[in-house]
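Chemist: Got a predicted structure plus its sequence, pasted below:
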Amino acid sequence: MTTTVRLGTRGSTMALAQARHVARELESAHAGLAVRIVPVSTHGDRWTGSLVTAGGKGAFTSEIDALLQAGDIDLAVHCLKDIPGDVALPEGICIAAYLPRDDPRDALISRDGLRLDQLARDAVVGTSAVRRQAQLQRARPDLRVKPIRGNVDSRIARLDSGDVDAIVVAACGLHRIGQAHRITQVLPAELMGPAVGAGTVVVTTRTSGPAYALVMAVDDPDSRDTSLAERALLHRFGASCNSAVSGHASIDRDTVTLHAAVYAPEGDRTLATVVAGDRTAAPALGRQAADELLALGARKLLDPYLR
């Protein structure tokens, strides 16, 4: 007998690629399971302005969450970095699985094949992420950063049309949509601190019902523990996608190491820390890192983003 579950996802090329990957993993883990992908058009996908006025990252998840709560879909797949970290998940919804993490770093694509340090003075670099904007200004204050939004395909199109000289996007996203050959430079984490949750795909479900048990089969413990550390950092700050915060955790055996930083909007000041501890205390490590940065004055750097 075949059991069918409905998997909700955004309708972009990358989101559908992620959903197909999750579907294959679930079907491989459970004989007789069929996953039907349900594309959902979200407010964040339709909105072309700033995410600040679109309701932040919740703009990419709220419609899907509503379908999940109503029972119209059984599961949902998201990039973890698109799930708001400053508020709790909607009632009755939980993250049931964290898939193995892909490369969390950002990548530069330039029209002339130039690396970041080779771009001409006053070159225009496109990105909508304030985290990237602040770090670009820190590394190259002579560049002009232009906010651009849209899916990866549309941002590459704007680059090719000459609207910008380069763009900064997630390296893993380019791999997922078959555009990795466009990468000019993968930016090291020391130069461009990754976003909290970058590279991690998660599956959400209702907290009650049979779907939760199905999804646990594809959960990766290392990805779960590093993600919990990173998201605890963001939650402690009360920060969201509108804040220039980076957090990247790695795991070696039972030790989690978290690199965290906060950036001033103009990139002229950075506060950073590194904490490490046992994986069983991963969320506590995130809170510890946030507290250390707050003690150094991180609130003054965060406040301009939270207004």
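Modeler: Everything's here; your move.
Chemist: Who are the contact partners of the closest residue to residue 162 other than its chain neighbours?
Modeler: Spatial nearest neighbour of residue 162, chain neighbours left out: residue 111 (7.3 Å); criterion: C-beta to C-beta, 6 or more residues apart in numbering. Using the backbone N, CA and C atoms, a C-beta is placed for each residue, glycine as well. Residue 111 makes contact with 159-160, 162, 165-166, according to C-beta atoms under 8 Å, 6 or more residues apart in numbering.
Chemist: For the stretch 151-300 of the chain, which segments count as strands?
Modeler: 166-170, 185-186, 201-206, 245-252, 255-263, 270-278 (DSSP state E, counting those that start in this stretch).
Chemist: With neighbour count, pLDDT and distance to residue 230 added, can I get the contacts of residue 111 in TSV?
Modeler: Below are the contacts of residue 111 laid out as TSV (neighbours: other C-beta atoms under 10 Å; pLDDT from 0 to 100; distance: C-beta to C-beta, whole Å):
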residue	neighbour count	pLDDT	distance to residue 230
159	22	96	29
160	12	95	33
162	9	95	36
165	20	98	31
166	23	98	27
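Chemist: State the distance from the residue nearest to residue 162 to residue 8.
Modeler: From residue 111 across to residue 8, the span is 36 Å (C-beta to C-beta, to the nearest Å).
Chemist: Chain neighbours aside, what residue packs nearest to the residue nearest to the spatial centre of the chain?
Modeler: The C-alpha lying nearest the average C-alpha coordinate of the chain belongs to residue 81 (C-alpha atoms, centre = their mean; 2.4 Å). Residue nearest to residue 81 in three dimensions, not counting chain neighbours: residue 197, with 3.9 Å by C-beta to C-beta, 6+ apart.
Chemist: tally of neighbours for that neighbour?
Modeler: A count of nearby residues for residue 197, using other C-beta atoms under 10 Å, gives 25.
Chemist: looking at it, it is touching residue 230, isn't it?
Modeler: Yes. The pair formed by residue 197 and residue 230 meets the contact definition of C-beta atoms under 8 Å, at 6.1 Å.
Chemist: Would you check how far apart residue 82 and residue 112 are?
Modeler: Look at residue 82 and residue 112: by C-beta to C-beta, they are 31 Å apart.
Chemist: Likewise for residue 184?
Modeler: With distances taken as C-beta to C-beta, residue 184 is found 9 Å from residue 112.
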